[in-house]
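In: no FASTA, just this:
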């Protein structure tokens, strides 16, 4: 299975008339936050596969109508705080970033995230015990602690997401938030728990 994953920055290879025929075929689109709602709607309009998203920490995902009202992007499945089943996969979603200032939107206390993750225990634990993985994919905006965590406080790794790793062992953790600007950025690594952690900055194709 091939997944197109997006986050944080519009890329001209995606936002063009030839998309998606300019890419190999894929079965699912995952959006890891901080992309304009109009861009998400563009992708959803152009593809014939499910589009699943979590929001980032900058409130970009909403679309403004002619009356000035903000609405979620059309054609996409919101996954924040939910377990969604699409394309034969079980996906846990968590948007935003660990709190770093007093803004209301797009930030959370680590304890808040942990409480939500704990509420999934009756649903995810039997699958975790039976197959070794409570979910197939953890889709978040923030990274977990580790190589992808940013060097500044606002982009630090979320301890709650690291806790999710240990509790439910997702096969893959897909995130955004940390931009890959280095000469040889590390887009993917395998954690000590054996979890593939992938930074989706701009866009990437993921083979499962």
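Out: It's in. Everything quoted here is computed from the prediction, not taken from an experiment.
In: I'd like to know how far residue 159 sits from residue 109.
Out: When C-beta to C-beta, to the nearest Å is the yardstick, residue 159 and residue 109 sit 11 Å from each other. Placement of C-beta: from N, CA and C, glycine included.
In: neighbour count: these two, which is higher?
Out: residue 159 (15 against 11; other C-beta atoms under 10 Å).
In: residue at max distance from the center of the chain?
Out: Checked against the mean C-alpha position of the chain, the extreme residue using C-alpha atoms, centre = their mean is residue 67, at a distance of 29.7 Å.
In: identify the contacts common to residue 159 and residue 109.
Out: Contact criterion C-beta atoms under 8 Å, 6 or more residues apart in numbering; residues bridging residue 159 and residue 109 by contacting each: residue 98.
In: about what we covered before: which stretch of helix or strand covers the residue farthest from the centre of the chain?
Out: Assigned by DSSP states H and E, residue 67 belongs to neither a helix nor a strand.
In: quick one, grab the pLDDT at it.
Out: Here the pLDDT value assigned to residue 67 is 83.
In: likewise residue 162?
Out: On the pLDDT scale, residue 162 gets 97.
In: go on, residue 151?
Out: We note a pLDDT of 87 for residue 151 in this prediction.
In: tell me the secondary structure at it.
Out: Residue 151 falls in the coil class when you classify it by DSSP: H, G, I helix; E, B strand; the rest coil.
In: neighbours of the closest residue to residue 143 other than its chain neighbours, just the number please.
Out: Nearest-residue entry for residue 143: residue 175, 4.8 Å, with adjacent residues in sequence omitted and distances by C-beta to C-beta, 6 or more residues apart in numbering. Residue 175 has 27 neighbouring residues, counting by other C-beta under 10 Å.
In: number the residues from 137 up from this point.
Out: Fine by me, first position is 137 from now on; the one you just mentioned is residue 311.
In: please look at residue 311 and residue 280 and confirm they touch.
Out: Yes. Taking C-beta atoms under 8 Å as the definition, residue 311 is a contact partner of residue 280 at 7.5 Å.
In: joint contacts of the two?
Out: Residues touching both residue 311 and residue 280 (C-beta under 8 Å, 6+ apart): 297, 333.
In: ok, then the element right after the helix or strand that contains residue 251?
Out: Using DSSP H and E, the element containing residue 251 is helix 246-255. Following the chain from helix 246-255 toward its C-terminal end, the next helix or strand by DSSP H and E is helix 257-267.
In: just the angle between that next one and helix 246-255, please?
Out: Relative orientation of helix 257-267 and helix 246-255, computed by axes from the mean of the first three to the mean of the last three C-alpha atoms, to 10 degrees: 60 degrees.
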